[in-house]
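Undergrad: Provide a 3D model corresponding to the input given below.
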Amino acid sequence: MTRIASLLGREILDSRGRPTIEVQLTLSDGRAVTASVPSGASTGRHEAVERRDGDPGRYGGLGVLGAIAGINGEVAAALTGHEVDARSIDTALIAFDGSPDKSRLGANAILAVSLAAARAEAEVKGLPLWRSLAGERPVMLPMPMVNIISGGLHADRQLDFQDFMVIPASAETYSQALEMVCAVHRATGEVLAERGLTTLRADEGGFGPPLARHQDALALLDTAVERAGFSVGGDILYALDVAATHFYDGEYRLASEDRALTAEALNEYLCDLVAGHPVVSVEDPFAEDDWDGFVTFTATIGDRLQVVGDDLFTTNLSRLGRGIAERAANAVLVKMNQIGTISETLDVVTTAKQAGFRTVISARSGETEDAALADLAVGCDGGQIKVGSITQSERLAKYNQLLRIEHALGDDAVLASWGRGA
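TA: Model prediction:
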């Protein structure tokens, strides 16, 4: 029986130059695996809590040496000699932490160990991570939902909405989907340059131009899609991440348009906005605790639109259960660091699917080169993946891993779509 011989945590940097955690797990037979964890900028208050040092003299207080000391000390002592079974290790980590929000050890520390355990289990089985997670079940490659234009906390609030994304709906293979998205991204850069607008990139690699209205971003996408040689609403569909929590203070304040809206007015605004463009998915259209706003919006347009809860659900079974009961959305964004273990992440996906909810497996604004998100999206049959744009190595690590998985599947490779599993 293969067991854990040692755990070693170390501080590394994420894609924004902020500290995060990497764990090396060494097995009793000498093999070793590593795992590193992301961190979000647009975080909901119901997420599991990261542990940060708070020392203003070091990385502005964002260091993670305390969390790493916990891994190398009490966590390593508790898990050394433990059988390599990812779910039982996750259960032990949750119990060992003992807090309701994983704040004692830190969700970042717990997830680093959890992901390393999942990877170690796959290594012991002699399987790639995606196949280990899937078991014997047939798999599909996820449809990419790709950031082209950024706003919100990812782009210094040039626009209030956080992401304007494209979905290569007519693609028949994952490789073709990626090629289509790259063409649209390139065309968008050309259009921005011609109009004298900045082509500098935001946190997740999307463009962050100063546009006057959210409508202008969608119109810009229309132009770019056509320039790339695709049909708007046929080949390419759109998705929005509104991230409304971050412009809500009792009213929804669209600073870029100098407007303050009630929930009812925002509902109307969003319905009007998506009516003129092929928007098929809207994420977090209302604030994280505006359950009534979500319920009303889903009842209004959910039969024609994927309504995704991110800050609303925070990959949390309890909050997702309420959302299912109240029909507050019809899809859930899945971020493993919102809940802190791979097992709990998989349980959220299973529960969502059993309720008829769609799932979108998502990265964070602060990512690492760890490609596990791609394996997770395939292994749990996520259907859709949201990584960011198609620039920057921390994003491309995931997209390229999906290319490898597609190659490994060969003739059995199937791309999920709006008609086939997404």
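Undergrad: For Gly79, which non-adjacent residue is closest in space?
TA: Gly isn't right for residue 79; it's Leu. Ile4 (5.3 Å; Cβ to Cβ, 6 or more residues apart in numbering). The C-beta positions use only the backbone N, C-alpha and C, and glycine is treated the same way.
Undergrad: residues of stretch 102-111 that come out buried?
TA: Lys102, Leu105, Gly106, Ala107, Asn108, Ala109, Ile110, Leu111 (16 or more other Cβ atoms under 10 Å).
Undergrad: How far off centre is that stretch?
TA: Counting by Cα atoms, centre = their mean, to the nearest Å, stretch 102-111 is centred 19 Å from the centre of its parent chain.
Undergrad: Enumerate every residue touching Pro285.
TA: Val242, Ala244, Leu266, Asn267, Leu270, Gly293, Phe294, Phe297, Val307 (Cβ atoms under 8 Å, 6 or more residues apart in numbering).
Undergrad: are any of these buried, and which?
TA: Using 16+ other Cβ under 10 Å, the buried members of the contacts of Pro285 are Val242, Ala244, Leu266, Asn267, Leu270, Gly293, Phe294, Phe297, Val307.
Undergrad: Mind checking which of these land in strands?
TA: Among those, DSSP state E puts Val307 in strands.
Undergrad: what's the farthest-apart pair in the buried ones among the contacts of Pro285?
TA: Spatially, the most separated pair among the buried ones among the contacts of Pro285 is Leu266 and Val307, at 13.4 Å (Cβ to Cβ).
Undergrad: quick revisit: kindly reformat the buried ones among the contacts of Pro285 as JSON lines containing distance to Ala118 and pLDDT.
TA: Output for the buried ones among the contacts of Pro285, formatted as JSON lines (distance: Cβ to Cβ, whole Å; pLDDT from 0 to 100):
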{"residue": "Val242", "distance to Ala118": "32", "pLDDT": "96"}
{"residue": "Ala244", "distance to Ala118": "33", "pLDDT": "96"}
{"residue": "Leu266", "distance to Ala118": "39", "pLDDT": "97"}
{"residue": "Asn267", "distance to Ala118": "40", "pLDDT": "97"}
{"residue": "Leu270", "distance to Ala118": "37", "pLDDT": "96"}
{"residue": "Gly293", "distance to Ala118": "36", "pLDDT": "98"}
{"residue": "Phe294", "distance to Ala118": "31", "pLDDT": "98"}
{"residue": "Phe297", "distance to Ala118": "35", "pLDDT": "98"}
{"residue": "Val307", "distance to Ala118": "30", "pLDDT": "98"}
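Undergrad: So which of the buried ones among the contacts of Pro285 are in helices?
TA: Leu266, Asn267, Leu270, Gly293, Phe294, Phe297 (DSSP state H).
Undergrad: List the residues that contact the closest residue to the first one other than its chain neighbours.
TA: Counting by Cβ to Cβ, 6+ apart, the nearest residue to Leu266 once its immediate chain neighbours are dropped is Tyr252, at 4.7 Å. Residues counted as contacts of Tyr252 (Cβ under 8 Å, 6+ apart) are Ala244, Ala260, Leu261, Thr262, Ala263, Ala265, Leu266, Phe286, Ala287.
Undergrad: can you pull up the bridge partners for the residue nearest to the last one when sequence neighbours are not counted?
TA: The shortest distance from Ala287 to any non-neighbouring residue, by Cβ to Cβ, 6+ apart, is to Tyr248 (4.0 Å). When bridges are assigned using DSSP bridges, the partners listed for Tyr248 are Tyr252.
Undergrad: Make 676 the starting number, not 1.
TA: OK, 676 is where the count begins now, so the last one is Tyr923.
Undergrad: Compute the first-to-last residue distance for stretch 1061-1075.
TA: The straight-line separation of the ends of stretch 1061-1075 (Cα to Cα, to the nearest Å) is 14 Å.
Undergrad: Hmm, I typed the wrong one, I wanted stretch 1061-1070.
TA: 10 Å.
Undergrad: same deal with stretch 969-987?
TA: End to end - Cα to Cα - stretch 969-987 spans 9 Å.
Undergrad: Need the contact partners of it.
TA: Contacting residues not belonging to stretch 969-987 are listed as 717-719, 721, 914, 916, 918, 920, 938-939, 942, 945-946, 949, 954-963, 966, 994-995, 998, 1001-1008, 1010, 1033, 1035, 1037 [Cβ under 8 Å, 6+ apart].
Undergrad: can you list the domains in the chain?
TA: 679-801, 818-1087 (automatic domain parsing).
Undergrad: which residues in the stretch 976-1097 of the chain form strands?
TA: Remark: strands assigned in the stretch 976-1097 of the chain by DSSP state E, counting those that start in this stretch are 981-984, 1006-1009, 1033-1037, 1058-1061.
Undergrad: The stretch 826-975 of the chain now?
TA: 838-842, 912-916, 927-929, 934-936, 954-958.
Undergrad: With distance to Ser807 as new columns, can these be given to me in JSON lines?
TA: Shown next, in JSON lines, are the strands of the stretch 826-975 of the chain (distance: least, Cβ to Cβ, whole Å):
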{"stretch": "strand 838-842", "distance to Ser807": "28"}
{"stretch": "strand 912-916", "distance to Ser807": "30"}
{"stretch": "strand 927-929", "distance to Ser807": "43"}
{"stretch": "strand 934-936", "distance to Ser807": "47"}
{"stretch": "strand 954-958", "distance to Ser807": "29"}
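Undergrad: Quickly compare those and say which is most buried.
TA: strand 838-842 (a mean of 27; mean count of other Cβ atoms under 10 Å).
Undergrad: And that strand, how far out from the chain middle?
TA: Worked out by Cα atoms, centre = their mean, strand 838-842 lies 13 Å from the chain centre.
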